[in-house]
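Asker: Need a 3D model of the sequence below.
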Amino acid sequence: MTVDPIEDEVPDLTDEGNDAGEPVDDYNMDGTSGTPRGNRGRKRAGTTSRRVWTYAEECELMNALNDLVVKGYKCDNGFRSGYLLLLENALVNKFPLCDLKAKPHINSKMHVWKRQYVCLKNMLGISGVGLNSTTYHVDALPEVWEAQIKADPHLKCVRFKSWPYYSQWMEIFGKDRATSENVVDPLDLFNELIVGE
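Answerer: You can find the predicted model right below:
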């Protein structure tokens, strides 16, 4: 049997007083004694709840959200209570082996989508900025981009990404912020419905 030349350089981590020749646990990787460092108080890899969504799962979540909007679960500032469980059930019905849960997965995805929608809405409200209808990229003049990135550094990520869900986000999250869009005067609504003016 051949001997690896590097084996001669590795320190012997066996205790001289140990008759069985087993390694002693109080040695570090460099051969010094002490408790092992580096994993104290940390979670092991794979124990977190981070999960990557597939395209089909995102599409189904979007369809389920649109169904909730149609059924009247959307309120002025979000959705009625219990909507996360309805979304989880819709995903389980479509994907029986799916491990997506209402909290943290669906709740986190909703939070991210809402934050991205608000960022895009604010960006698209600026003069000289638009959304390309074929590539779903935000188009703007270079000087407009520079001014906006100086004002809000988080907008760097908006420039080269595709935003195909933006039109659906407008239906889902549309009235969540206090803006003057889609505001109807109650007197005008009354006149339109009752009087027919």
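Asker: Just give me the neighbour total for the residue nearest to Y165 when sequence neighbours are not counted.
Answerer: In space, not counting the residues next to it along the chain, Y165 is nearest to M62; the distance is 6.4 Å by C-beta to C-beta, 6 or more residues apart in numbering. C-betas here are computed from N, CA, C, even on glycine. Applying other C-beta atoms under 10 Å, we find 17 other residues in the vicinity of M62.
Asker: repeat for A147
Answerer: A count of neighbours around A147, defined by other C-beta under 10 Å, yields 13.
Asker: Test for you: state the pLDDT assigned to M1.
Answerer: For M1, the pLDDT comes out at 54.
Asker: same check, this time on T179
Answerer: For T179, the model assigns a pLDDT of 51.
Asker: P164 is in contact with the residue nearest to Y165, correct?
Answerer: No. With contact defined as C-beta atoms under 8 Å, M62 does not count as touching P164 (9.9 Å).
Asker: next SSE after the helix or strand where E146 lies?
Answerer: Taking DSSP states H and E as the definition, E146 sits inside helix 142-151. Under the assignment DSSP H and E, the closest C-terminal helix or strand after helix 142-151 is helix 166-173.
Asker: Residues touching that next one, excluding its own?
Answerer: Under the contact criterion C-beta atoms under 8 Å, 6 or more residues apart in numbering, helix 166-173 has outside partners 62, 65-66, 69, 74, 113-114, 116-118, 120-121, 131, 136.
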